[in-house]
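*Asks:* can't give you the sequence, but here's the structure:
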Ligand code: SF4
């Protein structure tokens, strides 16, 4: 079955979503229009995700109960080209694989899609919760193709034992993951690569840590102290993400305090805000409660701009 367009949605800040479905599931492409001359597209690697992260909007309420299928190059290209019909593109583009699924589990899609869509000024990014094994693949491809790939590691707690509970699919300790990121940076961040990265970005870094602060889960003093220690040791830029509450998990009230401490002691954490994984897409996979269904319908009515 071919792709069917579910709709096009626009947020008040201009961010747009293009949502499609086929017989495997849903593909959601998000177009972020930042103030610079760059379009950023957030792209999923999978239909659904069954990795069961406890803070995830998609699987926290129903972990591991549904299949997780990789999106193919043909399917993604079709969805992206369809979306492009409605997009007035800027000069520069970043393809950012940070939607549903884990990038390290569909690695060929990321490199092949980038090679298919690559222009003179286009960057590539991915996020992963399981940084292991596939580093070798990405390192080799990045060096061979001079691909400006930035790898974002979804950390979310500096303690390996807690992380194992939050992200049950992980099988790597925090320090092993950070060391892998450092190795990737060391092998790939050459002077020509820095120039390539700067074509679409403000900094020439190609690694970053993501941390979402969640109330009473990972916002304690011990976590902050350990995060600062790791920052000073590995010197990987940190981005704090705002948490969009799920059933039972709330946004931390300590965000401002964390920002102050981190800016002083870790280095500048980016203040960018991302909406949480699967928050939109779960409507198409899970049985929503009456309240959630109402909330989604209101959101859909408010922001849909076309079919
Ligand atoms: S947070 Fe991402 S990797 Fe984890 S279950 Fe959700 S979609 Fe999957």
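*Replies:* Thanks, I have it. All values reported here derive from a predicted model rather than from experimental measurement. Numbers count the residues shown, from 1 in each chain.

*Asks:* quick one, helices of the chain?
*Replies:* Chain-ordered helices for the chain, with DSSP state H as the definition, fall at 73-84, 107-117, 135-145, 160-166, 174-188, 191-198, 221-234, 255-265, 290-303.

*Asks:* indicate which one of those is closest to the ligand.
*Replies:* The ligand lies closest to helix 160-166 among the helices of the chain, at 9.3 Å (CB to the nearest ligand atom). Quick note: C-beta positions are derived from backbone N, CA and C, even for glycine.

*Asks:* pull the distance from the closest one to the chain's centre.
*Replies:* Taking CA atoms, centre = their mean, to the nearest Å, the mean C-alpha location of helix 160-166 is offset from the chain mean by 19 Å.

*Asks:* residues near residue 12, how many?
*Replies:* The criterion is other CB atoms under 10 Å. On that basis, residue 12 has 7 neighbouring residues.

*Asks:* could you dump the helices of the chain into JSON lines with mean neighbour count and mean pLDDT added?
*Replies:* Formatted as JSON lines, the entries for the helices of the chain read as follows, by neighbours: other CB atoms under 10 Å; pLDDT from 0 to 100:
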{"stretch": "helix 73-84", "mean neighbour count": "17", "mean pLDDT": "96"}
{"stretch": "helix 107-117", "mean neighbour count": "18", "mean pLDDT": "97"}
{"stretch": "helix 135-145", "mean neighbour count": "16", "mean pLDDT": "95"}
{"stretch": "helix 160-166", "mean neighbour count": "16", "mean pLDDT": "94"}
{"stretch": "helix 174-188", "mean neighbour count": "18", "mean pLDDT": "95"}
{"stretch": "helix 191-198", "mean neighbour count": "14", "mean pLDDT": "94"}
{"stretch": "helix 221-234", "mean neighbour count": "16", "mean pLDDT": "94"}
{"stretch": "helix 255-265", "mean neighbour count": "14", "mean pLDDT": "88"}
{"stretch": "helix 290-303", "mean neighbour count": "12", "mean pLDDT": "65"}
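
*Asks:* closest one to residue 245 among those helices?
*Replies:* Of all the helices of the chain, helix 290-303 sits nearest to residue 245, with 11.6 Å by CB to CB.

*Asks:* my read: residue 266 touches residue 231, true?
*Replies:* Yes: using CB atoms under 8 Å, residue 266 and residue 231 qualify as a contacting pair, with a distance of 3.8 Å.

*Asks:* now do the shared contacts for those two.
*Replies:* Both residue 266 and residue 231 are in contact with residue 238, where contact means CB atoms under 8 Å, 6 or more residues apart in numbering.

*Asks:* picking that back up, which of the helices of the chain sits closest to residue 207?
*Replies:* Proximity of the helices of the chain to residue 207 was assessed by CB to CB; the nearest stretch is helix 174-188, lying at 4.6 Å.

*Asks:* and that closest one, what does it pack against?
*Replies:* helix 135-145, strand 149-154, helix 160-166, strand 207-212, helix 221-234 (3 or more CB pairs under 8 Å, 6 or more residues apart in numbering; DSSP states H and E).
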